[in-house]
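Student: from the sequence below, what's the structure:
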Amino acid sequence: MRLLIFSSAKINHQITVLYDSSHNFTNFIKINFVTISWNRFKQRLYSLKHLKSMTQIDLDLLFSWGAIAKEYKKNQVIFDEEESASYYFQIIEGSVRMYNSNDDGKEFTQGYFSNGQSFGEPPLIINQSYPATAVAFQDSKIIKLTKDKFLKILEEYPAIQKKFLSLMALRIHSKAKTSKDIINQKPEFRITAFLYAHKKGEDCKIKEMVPFTRQEIANFTGLRVETVIRAFAKMKLSKKIDIINHKIYF
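Tutor: Numbers count the residues shown, from 1 in each chain. Modelled structure (predicted):
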């Protein structure tokens, strides 16, 4: 389970954090909001950073096995939901969004992946189709390696296989420990936590332009865009954000 968002506000010696259990081997589980103690948070943060460091396969190794680097334009589809899983994907530059949509066209973002991360592996391992669609969130360069060669790498390089197995085990373990802590949060909290997570600077007091549209924030947080707009109006009144020329600064 990859840490996506956390808030710096402590209440009763607890810190509220947002987990995105969508990354890699659990690509397609919805975002959950959990409250955990500070000590447990630090322990899980260490585990989650460890998980992230394990996701990348050395680029030279991938190329030596016949991988190719392909460029994708923003919003270009990488694979569709229910498409047969045929490739291992790893991002060199850019970012990728994975999502599901219903018959009404409403989208729910299941995961966001960036430089050095891989995505969509579970179907390769269990021989299933992709349960979500992946699109380039921005212009991106992504490595593609055929399924059979990816599985062969896991077979011939025990250290890499062990990393992926450890990743799966740690995710399952983390999900089991946090599932009982799941709680619902108000829309403003979800949005604030999301914005904190995507700030580039270290100083939270300095406002930065938010690089996401209101619709994209709605997709990431599981909210309706109308709810996001209303929440931003409240946040502007409380001076948590600035809105200049329709751009949001947080």
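
Student: ok but residue 191 is inside a helix, no?
Tutor: Yes: according to DSSP: H, G, I helix; E, B strand; the rest coil, residue 191 belongs to a helix.

Student: if I look at residue 156, how far off is residue 149?
Tutor: As for residue 156, its distance to residue 149 is 10 Å (criterion: Cβ to Cβ, to the nearest Å). (Glycine included, C-beta is placed from N, CA and C.)

Student: for residue 195, same thing?
Tutor: Remark: distance between residue 195 and residue 149 (Cβ to Cβ) = 40 Å.

Student: more neighbours: which of these two?
Tutor: For residue 195 versus residue 149, the count of surrounding residues by other Cβ atoms under 10 Å is larger for residue 195: 21 against 15.

Student: is it true that the more buried one touches residue 208?
Tutor: No: assessed by Cβ atoms under 8 Å, residue 195 is found out of contact with residue 208, at 9.2 Å.

Student: mind listing the shared neighbours of these two?
Tutor: residue 250 (Cβ atoms under 8 Å, 6 or more residues apart in numbering).

Student: those helices in the chain, which residues are they?
Tutor: Using DSSP state H, the helices of the chain run over residues 38-54, 59-64, 122-126, 147-156, 158-178, 187-197, 214-221, 225-237.

Student: ok, the spatially closest residue to residue 161 that is not a sequence neighbour - contacts?
Tutor: Nearest-residue entry for residue 161: residue 154, 4.4 Å, with adjacent residues in sequence omitted and distances by Cβ to Cβ, 6 or more residues apart in numbering. Residues in contact with residue 154 (Cβ under 8 Å, 6+ apart) are 160-161, 164.

Student: so which one among those residues has the lowest pLDDT?
Tutor: Per-residue confidence over the contacts of residue 154 reaches its minimum at residue 164, where pLDDT is 82.

Student: from residue 150, how far off is that one?
Tutor: Here the distance between residue 164 and residue 150 works out to 10 Å (Cβ to Cβ).
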